[in-house]
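> quick one, structure for this:
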Amino acid sequence: MPLRLAPVLLIFTASLFWSGPTAVTAAPGNLPSCPPRHFPLGMCAKSCLVPPLAYPIGRFVLVRQGEDLGVEGKPTICIDPGHSRATIGAAGRLVTEVKVAWDVALRLRTILDHDGYNVVLTKQNQDENVRNEDRAGTANRVHAALFLRLHCDAGRDTGVATFYPARQGVKGGVRGPSKQVIAASGRCARLFHPAMVQALRGHLRDRGLRPDAQTAIGGQQGALTGSIFSKVPVILIEMCVLTNRRDERFIVSPQGQDAMAHALERGVAAAVGRANPVSSSNL
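All right, here's what the predicted structure looks like:
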């Protein structure tokens, strides 16, 4: 069993008691897959999947109860690339939603990491199937300054849209998010969306800032599942409409994905502030 020292839990890393995501330091574009019951020694909780409230200290992991995972006071951004192999989401002629969300998430992670944010992903690879409740749980555990959910839409429309919880919903007997999270999410969304849209001008039409109750699932539940279970500010970006050929051509190209990732970074900076005064324009 872990040893309790005051409010501090000192866990020997050779123990196999924690079986959640593993914290790793990743090179851009690659998220290593480590044995799920081991925490690598001497690695940081940055640009990674992390166990709740854990710090590597030498051969041990130091866990402070109730402490944020933020490093040096920098904001933590939790990126949630939508869907999985089991639920690929929207499909265009050239690409699927799950692939676009993952590819843009990796580009965004690189930019935010360069800017000095602490970055967490909700899954380890494109195909991994993670419930929306558990995606929100990851953002909650790291006390994310923003839970940023990446998706693509389908239909007859075109352009980019931002969704946020404006009221509580119910899923599986759970009612949420709290009034405080609703207010914080709305504030973030109102700052994030115009900054993102400005960066995408000339590429994608602005579909607007909308309550997530206007989505199909949100309309049924009162809010999206990820919002209901979130205890931190949460917004969902529909990056484009994949069934629109112009939108799809934009987002399937490396240039389009770079433009989207940089636009999302502008939104993050507007919503939560910059971690470092370092420009990401050269990435």
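
> spatially central residue in the chain, please.
Ile79 (1.6 Å; C-alpha atoms, centre = their mean).

> got the contact list for that residue?
Going by C-beta atoms under 8 Å, 6 or more residues apart in numbering, Ile79 touches Ala105, Leu108, Arg109, Leu112, Val119, Val120, Leu121, Thr122, Leu148, Leu150. The C-beta positions use only the backbone N, C-alpha and C, and glycine is treated the same way.

> max pairwise distance over the residues you listed: which two?
Pairwise distances across the contacts of Ile79 peak at 14.5 Å for Leu112 and Thr122 (criterion: C-beta to C-beta).

> look up how far Pro81 lies from Gln214.
22 Å (C-beta to C-beta, to the nearest Å).

> in stretch 237-253, what counts as buried?
Buried positions in stretch 237-253, judged by neighbour count with 16 or more other C-beta atoms under 10 Å: 237-244, 247-248, 250-252.

> if I look at the nearest residue to Arg245 once chain neighbours are set aside, how far off is Cys78?
Closest residue in space to Arg245, ignoring its immediate chain neighbours: Arg93 at 7.2 Å, by C-beta to C-beta, 6 or more residues apart in numbering. For Arg93, the distance to Cys78 equals 31 Å [C-beta to C-beta].

> comparing those two, which residue is more hemmed in?
Cys78 (26 against 10; other C-beta atoms under 10 Å).

> strands along the stretch 151-283 of the chain, start to end?
160-164, 169-171, 174-176, 206-211, 234-241 (DSSP state E, counting those that start in this stretch).

> just the stretch 1-150 of the chain next, same as before
3-5, 8-12, 55-57, 60-64, 76-81, 118-121, 146-153.

> rank those strands by mean pLDDT and give me the bottom one.
Lowest mean pLDDT within those: strand 60-64, a mean of 28.

> so Gln214 and Pro81 - more neighbours on which side?
The neighbour count for Gln214 versus Pro81, taken as other C-beta under 10 Å, is higher for Pro81 (29 against 12).

> bridging residues for the more buried one?
For Pro81, the beta-bridge partners under DSSP bridges are Leu150.

> residue contacts, it?
Counting by C-beta under 8 Å, 6+ apart, Pro81 has contacts Val98, Ala101, Trp102, Val104, Ala105, Leu121, Thr122, Lys123, Gln126, Leu150.

> what does Lys99 give?
Per C-beta under 8 Å, 6+ apart, neighbours of Lys99: Gln126.

> if I look at it, how far off is Asn129?
Distance from Lys99 to Asn129, by C-beta to C-beta: 15 Å.

> done for today, thanks.
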